[in-house]
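Undergrad: Sharing a model prediction with you, sequence too.
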Amino acid sequence: MKTRLAGSTAALLAGALAALVAPAAVAEPAPAAADGCYTWNRTLGEGASGDDVRNLQIRVAGYPGRGGQLVIDGRYGPGTAAAVTRFQQAYGLTADGVAGPETFEQLYALQEDDCSPANFDFGELNNCNSDWSGGATSAADAKANALVTMWKLQAMRHAMGDAPIVVNGGFRSVSCNDAVGGAPNSRHLHGDAADLGAGSQGFCALSLAAREHGFGEILGPGYPGHDDHVHVAGGGDAWSAPDCGM
Ligand SMILES: [Zn+2]
């Protein structure tokens, strides 16, 4: 984030100087890299498509609306616009569903150079091994799924007042899953599940809040084996936390 600010300032100064010297003739300077992870170079709205849209979708995946799951396909349709609008509302930005400089600035402020959101780390989402291998999908896909999960958790964290959310694990290889008696079709094998500790929120509040942030699978208090953590995952369509009225 620090390099981003420095880069932006330098670019502004360079632009101002260039304007003074030769206002009509200079070409637009190439935009400075915003940070170590990713830089958006154009405003995005409905109808846009590309890798920049896909990168945006990853970061607003936690804003699909209750029970929804944003499809990360690089196509900016109504679902993406609605998610961007909710993200903008969550941060007090102009809520028009169009991702421009103001929205990107907020995302840069939230993301680390490894692309994880500010308050979650890849390490928290994998206490099984160091290379994301041995699951039910490729290591690259497992890690990519974990990234989306973290952005969903970041959205949930912000909605719950920015109190820390405790993550006690995520990705599991087959052997890690077997060792803890996980289901053979567990989403942990795909890297898109996380097990949450009680934190200051408590299990029921976490279970209920997760419904708003792109988790198709939520298992909490009252569901067998889930009185000591809340399991959240993408995919699936199963919410069960009977002790929380869910
Ligand atoms: Zn779990």
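TA: That came in fine, so what should we check first? Note that this is a predicted model, so its numbers are computed, not measured. Residues are numbered from 1 along each chain as shown.
Undergrad: Sticking with the nearest residue to residue 155 once chain neighbours are set aside, tell me its helix or strand.
TA: If the residues on either side of it in the chain are set aside, residue 155 comes closest to residue 62, at 2.5 Å by CB to CB, 6 or more residues apart in numbering. C-beta here means a position set from N, CA and C on the backbone, and glycine is covered the same way. Counting by DSSP states H and E, no helix or strand carries residue 62.
Undergrad: Now for residue 62, how many residues are close by?
TA: Neighbourhood size, residue 62 [other CB atoms under 10 Å]: 29.
Undergrad: Please verify my assumption that it contacts residue 152.
TA: Yes: applying CB atoms under 8 Å as the test, residue 62 and residue 152 come out as touching, 4.0 Å apart.
Undergrad: any common contacting residues for those two?
TA: Counting by CB atoms under 8 Å, 6 or more residues apart in numbering, the residues touching both residue 62 and residue 152 are 213, 214.
Undergrad: domain assignment for this structure?
TA: Per automatic domain parsing, the domain ranges recorded for the chain read 1-32, 38-115, 119-246.
Undergrad: which one of the ones you listed is the most hemmed in?
TA: With neighbours defined as mean count of other CB atoms under 10 Å, the domains of the chain peak in mean count at domain 119-246, which reaches a mean of 19.
Undergrad: Can you pull the phi/psi pair for residue 44?
TA: With angles defined as degrees, to the nearest 10, residue 44 sits at phi -120, psi 130.
Undergrad: ok, it to residue 50 distance?
TA: Going from residue 44 to residue 50 by CB to CB, to the nearest Å gives 8 Å.
Undergrad: does whatever residue of the chain ends up closest to the ion have beta-bridge partners, and which?
TA: Nearest residue of the chain to the ion: residue 231, at 3.3 Å (CB to the ion). Note on residue 231: beta-bridge partners by DSSP bridges are residue 195, residue 219.
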